[in-house]
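Enquirer: Just a sequence and a predicted model for now, questions to come.
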Amino acid sequence: MRTLLLLLTLVQFEGGAWQTAEIEATAAQAVKILAQCGIAPEKPELLRADVDARFRDFHTPTSRELARQLQPRTPAVYFVDGTRQDPAFEAEAIGRGNSRSRPELRDTVWITRGARDPAVVLAHELAHVLMDSGEHSDEPGNLMRDETTPQNTRLSPAQCARLRERGAANGLLF
Ligand SMILES: [Zn+2]
């Protein structure tokens, strides 16, 4: 299996709740979970956003405005303080399928400071983006179970195949 490279853009907010070391550690651990699919990390790009405090929460209208301004290379992970979405998820992934009405957010993940097990959460959301699928799994121990826990980190061969194929086809792995 050829190793595919994943180059993430990590968006940090000046004055935000996430410290640089936490962001880097979370991203590194998340990519380590995806290594089971033959994915290796390129050194991520840290993008520091010095913007109004209202942009530090995930909220579709303001986050679209922010993404339009920043235009980060994707896949991009925004380390937000919280969310103003209803329902309020601790993290959200926006792939191709769920970005038609909000194209600026395509191939991005938004993770809140309150997320429990942030590395597993980030790996789960990145898998949604790379697979371009919102599907979940009932398999014990699977990363794509609805509930993210440190014990749920495995991906099946079929999930890895889809992740690699869609990720490469969408220009997110190379
Ligand atoms: Zn999910």
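Expert: Yes, it's here. Numbering: from 1, shown residues only.
Enquirer: drop to CA atoms for contacts and neighbour counts, all remaining ones
Expert: Fine.
Enquirer: Can you give me the pLDDT of residue 1?
Expert: The model reports residue 1 with a pLDDT of 84.
Enquirer: any idea which element the residue nearest the centre of the chain lies in?
Expert: Compute the mean C-alpha point of the chain, and by CA atoms, centre = their mean the closest residue is residue 109, 3.5 Å away. Assigned by DSSP states H and E, residue 109 belongs to strand 108-112.
Enquirer: thinking the residue nearest to the centre of the chain is in contact with residue 90, fair?
Expert: No: under the criterion of CA atoms under 8 Å, residue 109 makes no contact with residue 90, lying 10.9 Å away.
Enquirer: now stretch 46-56, how far from the centre of its chain.
Expert: Offset of stretch 46-56 from its chain centre (CA atoms, centre = their mean, to the nearest Å): 17 Å.
Enquirer: and that stretch, which residues are buried?
Expert: 46-47, 49, 55-56 (16 or more other CA atoms under 10 Å).
Enquirer: What of stretch 87-104?
Expert: Under 16+ other CA under 10 Å, the buried positions of stretch 87-104 are 90-96, 98, 104.
Enquirer: Export these to JSON lines and append columns for pLDDT.
Expert: JSON lines is the format used below for the buried residues of stretch 87-104 (pLDDT from 0 to 100):
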{"residue": "90", "pLDDT": "96"}
{"residue": "91", "pLDDT": "97"}
{"residue": "92", "pLDDT": "97"}
{"residue": "93", "pLDDT": "97"}
{"residue": "94", "pLDDT": "97"}
{"residue": "95", "pLDDT": "95"}
{"residue": "96", "pLDDT": "92"}
{"residue": "98", "pLDDT": "90"}
{"residue": "104", "pLDDT": "96"}
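Enquirer: could the residues you listed go into TSV alongside distance to residue 123 and secondary structure?
Expert: As requested, these are exported to TSV (distance: CA to CA, whole Å; DSSP: H, G, I helix; E, B strand; the rest coil):
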residue	distance to residue 123	secondary structure
90	13	coil
91	11	strand
92	12	strand
93	11	strand
94	14	strand
95	14	coil
96	18	coil
98	18	coil
104	21	helix
